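Q: Got a predicted structure here, sequence first:
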Amino acid sequence: MHVVATAGHVDHGKSTLVRALTGMEPDRWAEERRRGMTIDLGFAWTGLPSGQTVAFVDVPGHERFVANMLAGVGPVPAALFVVAADEGWMPQSAEHLDALDAFGVAHGLLAVTRSDRAEPGPARDRALAEIAGTSLGMVEAVAVSGRTGAGLDDLRAALDRLVARLPAADPAAPVRLWVDRAFTVRGSGTVVTGTLAAGTVAVGDELLLAPGSRPAAVRAVQSLGRARQRVSGTARVAANLRGVRLEDVRRGCALLTPDRWLSTEVLDVRLHDVRSQQSPARLPAELALHLGSAAVPARLRPLGTGPLGTDTARLSLARPLPLRIGDRGLLRDPGRRQVVAGVTALDVCPPPLTRRGAAAARATVLSTMDGVPDGAAELCRRGLVRAGELRAMGAEPPGPPTAGDWLVDPDRWAALRRSLADAVAAHAAAHPLEHGLPVEAARRRLGLPDPRLVTALVTAPLTVRDGRVTAAAAPELPDRVRAAVEAVRAELAVAPFSAPAADRLAELGLGARELAAAIRAGALTRLADGVYLLPDAAAVAARVLATLPEPFTLSAARQALGTSRRVAVPLLELLDARGTTERLPDSRRRLARTLRHPDT
Ligand SMILES: Nc1nc2c(ncn2[C@@H]2O[C@H](COP(=O)(O)OP(=O)(O)O)[C@@H](O)[C@H]2O)c(=O)[nH]1
Ligand SMILES: [Mg+2]
C-alpha cells in the first residue's frame with residue numbers, strides 16, 4: 001500500500017477529488033459536511049490500474065487548520081498537490097508547498113482541479129514553476145474535474161507512476177507510528193490510527209506509547225477497514241491497544257518498538273529553507289516544531305552560520321519526542337502563522353552547552369554533519385556510547401562492543417588506559433598499604449559509566465584482583481610459603497589486629513623475602529617494621545573506631561581493636577595520614593568529618 005497526502009488552498013477541490021477517486025467520504029465530521037469544508041484529516045483509499053492500493057490523507061486547506069494539515073503530511077512520503085484552474089495560486093497553496101518542502105517530501109503530483117470552470121494552463125504553469133523550486137522538484141501535472149470526472153483516468157495512471165517511484169519501506173525497521181487519531185470502540189477500548197512509514201505492527205506486539213513509555217499491547221490491527229494479523233509500512237494502520245486509556249493518547253503521540261528509540265527534549269538541527277522575512281539569525285526564539293504528527297513548543301538557539309545565514313541551531317522542546325538522526329520536521333511561528341524553516345535532526349543526544357565557547361565549538365562540529373547517521377563518526381565524537389543507544393539514534397554501531405554494550409573510540413580507549421595506569425600508580429603511592437585501586441574508585445576517577453569498562457581497560461602489567469586494579473604482578477607463591485601465609489591469614493581473619501609476633505613468623509618460616517612476596521601477591525600488608533596485617537585492615541579499623549564515643553584515646557582505640565600498642569600506634573598514624581582520623585591537640589582522636597578519601 002502507498003500513502004499520499006493532499007495539499008493545496010481551501011476549496012480547491014481536494015476532498016472532492018479524493019471522493020471522486022475513491023468513492024469514499026474524506027470529510028468524516030457532520031460539521032465538515034454541513035460547512036462544506038475540511039477541518040480535520042480525512043482518510044480514503046482506492047485501487048489503481050496496476051493493482052496497487054493508494055490511501056489518501058486528505059488535509060484541510062483553510063489557514064486556521066494548518067496544524068491539522070501538518071500532522072497529516074508529516075509522516076507521509078508523497079503529496080497530491082491540488083490547485084484550482086479558476087482560482088490559481090493562493091496563500092495556502094504557498095503555505096502548503098512551504099510545508100512539503102520543509103518536511104522534505106520528495107514525491108508528488110499536481111492536479112489542476114475545477115478545470116471544467118477554467119482553462120487549466122495558467123494555474124498549471126504557475127504551480128509547476130512554484131513546485132519545481134522545492135523538494136518535490138519536477139512533477140507531473142494532470143487537469144481534472146471532480147465534478148465531471150474528466151481527467152480522472154489520467155490522474156489514476158499518473159498516481160500509478162508516482163507510487164511506482166516511491167522507495168520501498170523496510171518491514172524490519174523499528175516501528176514509530178505517529179498517532180493522528182485516537183478514539184474508543186465499544187467493547188474493544190482504545191484505537192489509534194496513523195501512517196506507518198516503515199516496520200511492521202502485528203497483533204500481540206508489545207509496543208510503548210510515547211511520550212511516557214506506557215506499555216501498549218496490540219490487541220487487534222486493521223488496515224483500510226479490514227482486520228489483519230500484521231501490517232507493514234508504508235501503510236495506514238489502526239491499532240486496538242490494551243493498557244491505554246483514551247485520555248492517555250492523542251495526536252502527536254507515537255507507538256514505538258521498545259528500546260529502539262530515544263526520546264529527547266534537546267536536539268541540534270540544520271535549518272533549511274528559512275522563510276522568515278527577517279535576517280535568519282533573528283528567527284523568533286519561541287516556535288513550534290512539527291514532526292511526524294506531533295506539534296511541540298520549541299525554543300530555538302541559533303548556533304552556527306552557513307552560506308545562507310543561520311544554519312544550525314539547538315532546539316529545546318516542551319516535551320520529549322522520539323527522534324532519530326536525519327528526521328525532518330519544520331518550525332512554525334504560531335503567532336505569525338508562518339512556516340519559518342525546515343529542520344533536519346543532526347544530533348538527538350547532544351552535549352550540554354555550559355562552558356564558555358561551547359556553542360561556537362558545537363557549531364563547528366555541526367557544520368561537518370549532514371543528518372545521515374554515521375555510527376563511526378558518532379562514536380568518534382562521543383568517545384563512548386552504548387551500542388543500543390547508537391542504534392536508537394538511527395546509526396549502526398561501527399564494531400563490536402568493548403565491554404557490556406559499550407562502544408569505545410580507539411583514541412579515547414588509549415587515553416583511558418594511560419589515565420588508569422596513572423591513577424593506579426598515584427593510588428599506590430598514596431596508599432602503600434592497600435593492594436591496588438578499587439575498581440569502583442577507578443571508574444569514578446576516569447569518569448566512566450560502567451565498572452566493566454575499567455575491567456576491560458586492564459592489561460598487563462596491570463591486573464584486577466579482589467575488585468582492585470594493581471600494577472603489582474601477582475606472583476604465585478611457592479607452595480611452602482603459601483601454606484605459611486595462609487596460616488597467618490587464617491589467624492588474622494579471627495583477630496584482625498593481632499599481628500603475628502616475630503617468633504611466630506620465624507616458626508612458620510616467613511622471613512623478609514617470603515613476607516615481601518606475600519605483600520606483592522596481595523595476601524598481606526606491612527603496617528610497620530615487623531607488623532603484618534590483612535590488606536583491608538585499615539578499612540576494618542575505621543569501621544570499628546566509628547563505634548567509639550569521640551574523641552577517643554589511643555588506649556580506648558587499642559582496646560576496641562583488641563590489640564597492642566605495637567599495632568595500634570602505627571595503625572592510627574596511618575589513619576591520621578589518610579585523613580580517616582583526626583588527631584586533636586590533646587592527642588585524642590576523632591573520625592574526620594569529611595573523609596579525604598571517601599573512595600577507599
Ligand atoms: N465545478 C467544480 N467544482 C468543484 C470541483 N471540485 C470541487 N468543486 C467544488 O469546490 C468546492 C470545494 O471543494 P472541496 O473538495 O471541499 O475543496 P477542498 O477544500 O480543497 O477540499 C465545493 O463546492 C465543490 O463542489 C470541480 O472539479 N469542478
Ligand atoms: Mg477538503
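A: The structure has been received and is ready for your questions. Ligands and ions are numbered 1, 2, ... in the order given.

Q: residues near the residue in the stretch 151-300 of the chain positioned nearest to ligand 2, how many?
A: Using Cβ to the ion, residue 180 is the residue of the stretch 151-300 of the chain that sits closest to ligand 2, at 15.9 Å. In short, each C-beta sits where N, CA and C put it, glycine included. Residue 180 is flanked by 25 other residues according to other Cβ atoms under 10 Å.

Q: which one is it nearest to, not counting chain neighbours?
A: residue 293 (4.7 Å; Cβ to Cβ, 6 or more residues apart in numbering).

Q: dump the residue contacts of the nearest residue to residue 343 once chain neighbours are set aside.
A: Computed as Cβ to Cβ, 6+ apart, the closest residue to residue 343 that is not its neighbour in sequence is residue 269, at 4.0 Å. Residues near residue 269 by Cβ atoms under 8 Å, 6 or more residues apart in numbering: 312, 313, 314, 315, 343, 344, 345, 346.

Q: Can you tell me whether I have it right that residue 269 is in a strand?
A: Yes: counting by DSSP: H, G, I helix; E, B strand; the rest coil, residue 269 is part of a strand.

Q: Quickly note the distance from it to residue 356.
A: Relative to residue 356, residue 269 is positioned 23 Å away (criterion: Cβ to Cβ, to the nearest Å).

Q: residue ranges with poor pLDDT in this structure?
A: Residues of the chain meeting the criterion pLDDT under 70: 274-281, 306-310, 432-434, 472-476, 593-600.

Q: Near ligand 1, which residues of it? Just list them.
A: Counting by Cβ under 6 Å from any ligand atom, the residues of the chain close to ligand 1 are 10-16, 36, 38, 61, 113-114, 116-117, 145-147.

Q: Which members of the residues you listed occur in helices, if any?
A: Using DSSP state H, the members of these that fall in helices are 14, 15, 16.

Q: just the residues you listed now: which is nearest ligand 2?
A: Checking those against ligand 2 with Cβ to the ion, the nearest one is residue 15 at 3.2 Å.

Q: count of residues packed around the closest one?
A: By other Cβ under 10 Å, 27 other residues sit near residue 15.

Q: What residues does it make contact with?
A: Residue 15 touches 6, 26, 27, 38, 42, 58, counting by Cβ under 8 Å, 6+ apart.

Q: And it, how close does it get to residue 60?
A: On the measure of Cβ to Cβ, residue 15 and residue 60 end up 9 Å apart.

Q: anything in contact with each of these two?
A: In contact with both residue 15 and residue 60: residue 38, using Cβ under 8 Å, 6+ apart.

Q: from the residues of the chain next to ligand 1, which would you call buried?
A: Neighbour-count burial (16 or more other Cβ atoms under 10 Å) applied to the residues of the chain next to ligand 1 gives 10-16, 38, 61, 113-114, 116, 145-146.

Q: Let me have these in TSV, extended by distance to residue 584.
A: Converted to TSV, these look like this (distance: Cβ to Cβ, whole Å):
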residue	distance to residue 584
10	86
11	90
12	90
13	93
14	87
15	88
16	93
38	84
61	84
113	94
114	97
116	103
145	100
146	96
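
Q: Surely residue 207 touches residue 253?
A: No: counting by Cβ atoms under 8 Å, residue 253 is not a contact partner of residue 207; they are 11.2 Å apart.

Q: Those two: which is more packed in?
A: Taking neighbours as other Cβ under 10 Å, residue 207 and residue 253 compare with residue 253 leading, 26 against 23.

Q: what's the nearest residue to the more buried one if we skip its chain neighbours?
A: The shortest distance from residue 253 to any non-neighbouring residue, by Cβ to Cβ, 6+ apart, is to residue 179 (4.5 Å).

Q: Give the buried residues for the top helix by length along the chain.
A: Ranked by residue count, the top helix of the chain under DSSP H comes out as helix 410-430. Of the residues in helix 410-430, 413, 416, 417, 419, 420, 421, 423, 424, 427, 428 count as buried by neighbour count, 16+ other Cβ under 10 Å.

Q: Confirm for me that the last one is in contact with residue 436.
A: Yes: shown here, residue 428 and residue 436 form a contact pair, counting by Cβ under 8 Å, at 7.4 Å.

Q: Can you show me the helices along the stretch 351-500 of the chain?
A: Under the criterion DSSP state H, counting those that start in this stretch, the stretch 351-500 of the chain contains helices at 358-367, 375-382, 387-392, 410-430, 439-446, 451-457, 479-494.

Q: Output these as TSV; include the columns distance to residue 79.
A: Converted to TSV, the helices of the stretch 351-500 of the chain look like this (distance: least, Cβ to Cβ, whole Å):
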stretch	distance to residue 79
helix 358-367	29
helix 375-382	32
helix 387-392	29
helix 410-430	45
helix 439-446	52
helix 451-457	48
helix 479-494	78
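
Q: Export the ones you listed to a markdown table and append columns for distance to ligand 2.
A: Converted to a markdown table, those look like this (distance: least, Cβ to the ion, whole Å):
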| stretch | distance to ligand 2 |
| --- | --- |
| helix 358-367 | 40 |
| helix 375-382 | 43 |
| helix 387-392 | 38 |
| helix 410-430 | 55 |
| helix 439-446 | 60 |
| helix 451-457 | 57 |
| helix 479-494 | 84 |
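
Q: can you tell which of those helices is closest to residue 169?
A: helix 387-392 (18.1 Å; Cβ to Cβ).

Q: Put the alpha carbons of that closest one into CSV.
A: Taking C-alpha atoms only, helix 387-392 is exported to CSV below (Å, rounded to 0.1, in the frame of the first residue of the first chain):
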residue,chain,number,x,y,z
ALA,A,387,25.5,0.3,21.0
GLY,A,388,21.8,0.2,21.8
GLU,A,389,21.7,4.0,22.2
LEU,A,390,23.6,4.5,18.9
ARG,A,391,21.0,2.2,17.1
ALA,A,392,18.2,4.2,18.8
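
Q: Against which helices or strands is that helix packed?
A: On a contact count with 3 or more Cβ pairs under 8 Å, 6 or more residues apart in numbering; DSSP states H and E, helix 387-392 meets helix 375-382, strand 406-408.
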